[in-house]
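[1] next come a sequence and a model predicted from it.
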Amino acid sequence: MVMVVGAGGFVGRHLCKMLTDRGVAVLACSSGTPGGIDLDSGLFSTEVRFPKGLDAVYFLAQSPRYHQTPQQSAHLLAVNCVAAVQAAPPGMQAPLDLFTPQLAMCMRHPLHRFMKHPL
C-alpha cells in the first residue's frame, strides 16, 4: 500500500490514479481528510502516524496559496517544508521501502514563467 500526502493536488491526483490503475492500494491524504494538513496553518494538526502495511509515502503537498507570494510565503514554507519535516521522523521509523518528501515550492515559484522549459 502507498500513501500519497497531497492526494487532492494536481500531481497527487494523477499519481493516485496511475497507482490505482496499476492495481496498487492507495491511501490518499489531503487537507480535506482526517489527519491531513490543516488548511489554515499549513501544518499537520495531529501527530503524524503512518498506518501499518505501508510500503511507501509520497509527500506531494503544496500550499494552495503558492500564487500569493510573497504575501503567503509563510504558508508555503509551512506546507512545503515544515510539514514534510513533521512527517520525516515517523517516516524514517516506519518500515517503509520509500519515503519521498517532494518539495514542490521551486516548481511553483512565479519565476517558472521566465524559464524556457519549465519543470
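    It's in. Keep in mind that what you see is a predicted model, and the values were worked out from it rather than measured.
[2] and the strand or helix carrying residue 85, what does it pack against?
    Secondary structure assigned from DSSP states H and E places residue 85 in helix 83-93. On a contact count with 3 or more Cβ pairs under 8 Å, 6 or more residues apart in numbering; DSSP states H and E, helix 83-93 meets strand 56-59, strand 98-101. The way it works is simple: take the backbone N, C-alpha and C, and place the C-beta from them, glycine included.
[3] centre of the chain to that helix, how far?
    Centroid separation for helix 83-93 versus its chain: 12 Å, with Cα atoms, centre = their mean, to the nearest Å.
[4] so which bits of that helix are buried?
    83, 84, 86, 87, 91 (16 or more other Cβ atoms under 10 Å).
[5] list the contacts of residue 8.
    Residue 8 makes contact with 28, 30, 31, 32, according to Cβ atoms under 8 Å, 6 or more residues apart in numbering.
[6] against residue 64, how distant is the residue lying closest to the last one once chain neighbours are set aside?
    Excluding the flanking residues, the one nearest residue 32 by Cβ to Cβ, 6 or more residues apart in numbering is residue 8, at 6.1 Å. As judged by Cβ to Cβ, to the nearest Å, residue 8 and residue 64 stand 9 Å apart.
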